[in-house]
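Asker: A predicted structure for the sequence below; I have some questions about it.
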Amino acid sequence: MWQTDGEIPDKPYPLNKYDDTAAAAYFSARPLLVLSRALEVLTYSAKFGVNLAFDYLNDKFDENADERSIQLAELLTKLGPGFIKIGQSLSIRSDLLSPAYIRGLKSLQDQVRDHAVFGALTK
């Protein structure tokens, strides 16, 4: 566990393992970094949400489901490892998602580009 002593770590996990105290200290000292990431997630997600809304309003929700499911997988990949994991978990939940979205998200099971994950880790 991170010993704070009033010191702010220079990376979220200075001991190279999960530590909520160190992560909290790191991100608390960097509110603009947190805000920037939140805006990034919101911006990418909003575009996808607007497309879904247009599909719904134009009665093309089911017609465009395959295309949107691929876009969702791409969005989650762009957002990084945590979002990829959420997509992987959802890809097996046929009780929650339509077959089109299950098909689209299954690509996250084994077809995620390594450089996309690596890039997200180095941001």
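Answerer: Yep, it's here.
Asker: name the helices or strands packed onto the strand or helix carrying residue 75?
Answerer: Following DSSP states H and E, one finds residue 75 within helix 65-79. Under the contact definition 3 or more CB pairs under 8 Å, 6 or more residues apart in numbering; DSSP states H and E, helix 65-79 sits against helix 31-57, helix 81-90, helix 99-110, helix 114-122. (Glycine included, C-beta is placed from N, CA and C.)
Asker: could you give the angle of the third one to helix 65-79?
Answerer: In this case it means helix 99-110. Comparing the axes of helix 99-110 and helix 65-79 via axes from the mean of the first three to the mean of the last three CA atoms, to 10 degrees yields an angle of 30 degrees.
Asker: which parts of helix 99-110 are buried?
Answerer: 100, 101, 102, 103, 104, 105, 106, 107, 108 (16 or more other CB atoms under 10 Å).
Asker: Of these, which pair is most distant in space?
Answerer: 100 and 108 (14.6 Å; CB to CB).
Asker: How many residues are close by residue 27?
Answerer: Around residue 27 there are 14 other residues, counting by other CB atoms under 10 Å.
Asker: So which residue is dead centre in this structure?
Answerer: In the chain, the centroid-proximal residue (CA atoms, centre = their mean) is residue 83; its distance is 2.6 Å.
Asker: pretty sure that one is in contact with residue 76, am I right?
Answerer: Yes: applying CB atoms under 8 Å as the test, residue 83 and residue 76 come out as touching, 4.3 Å apart.
Asker: mind listing what residue 45 touches?
Answerer: residue 75 (CB atoms under 8 Å, 6 or more residues apart in numbering).
Asker: Burial check on residue 68, number of neighbours?
Answerer: There are 20 residues near residue 68, going by other CB under 10 Å.
Asker: pretty sure residue 86 is in contact with residue 77, am I right?
Answerer: No: using CB under 8 Å, residue 86 is not in contact with residue 77; the gap is 11.4 Å.
Asker: So which of the two has more stuff around it?
Answerer: Taking other CB under 10 Å, residue 86 and residue 77 do not tie; residue 77 has more neighbours (20 against 14).
Asker: Sweet, I'm off.
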